[in-house]
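Trainee: attaching a predicted model along with its sequence, questions to come.
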Amino acid sequence: MSNVKAGLRYSSEHEWISGDDPSVVGISEVAADALGEIVYVDLPEVGATIAIGAVVGEVESTKSVSELFSPVAGEVVEVNSAVVDDPALLNSDPYGAAWLFKVAVSEEGPLLDAEQYAADNGAEISAA
């Protein structure tokens, strides 16, 4: 069973977002587990203006390719080059070392709390 990290908010497309400023965006363990072995990550450019629900990149696994959707609108201020260099981090540490990008948020889309996201996806809440 996949874990959902408490304290984060989640999109229905399986991205998570922190409440920090700038906010940190990643994909959930639910998504990483469904994808299987992740082998490639494409992220938005620093300085890009992104819109709620817009495709901002992709994650490729040995099984499939999935688009990344932005859970918020704003400007990308940093990308995680470590996860681009080592996409398997998404499988081993989706809520830590495998964050994807940071965004200065101007507007939020519809987001679920950890409890609702876990219930909707048959996952368990974890503190870590």
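Mentor: Everything's here; your move.
Trainee: Glu78 - how many residues pack around it?
Mentor: Neighbourhood size, Glu78 [other Cβ atoms under 10 Å]: 14. In this view, the C-beta of every residue, glycine as well, is placed from N, C-alpha and C.
Trainee: surely Ala97 meets Leu90?
Mentor: No: counting by Cβ atoms under 8 Å, Ala97 does not reach Leu90; the two are 9.3 Å apart.
Trainee: what residues do these two have in common as contacts?
Mentor: Jointly contacting Ala97 and Leu90 under the rule Cβ atoms under 8 Å, 6 or more residues apart in numbering are Val83.
Trainee: more neighbours, the two?
Mentor: Between Ala97 and Leu90, counted using other Cβ under 10 Å, Leu90 has the larger neighbour count: 25 against 14.
Trainee: and the helix or strand hosting that one, what other elements does it pack with?
Mentor: In this assignment (DSSP states H and E), Leu90 forms part of helix 89-92. Under the contact criterion of 3 or more Cβ pairs under 8 Å, 6 or more residues apart in numbering; DSSP states H and E, helix 89-92 touches helix 29-35, strand 38-42, helix 81-85.
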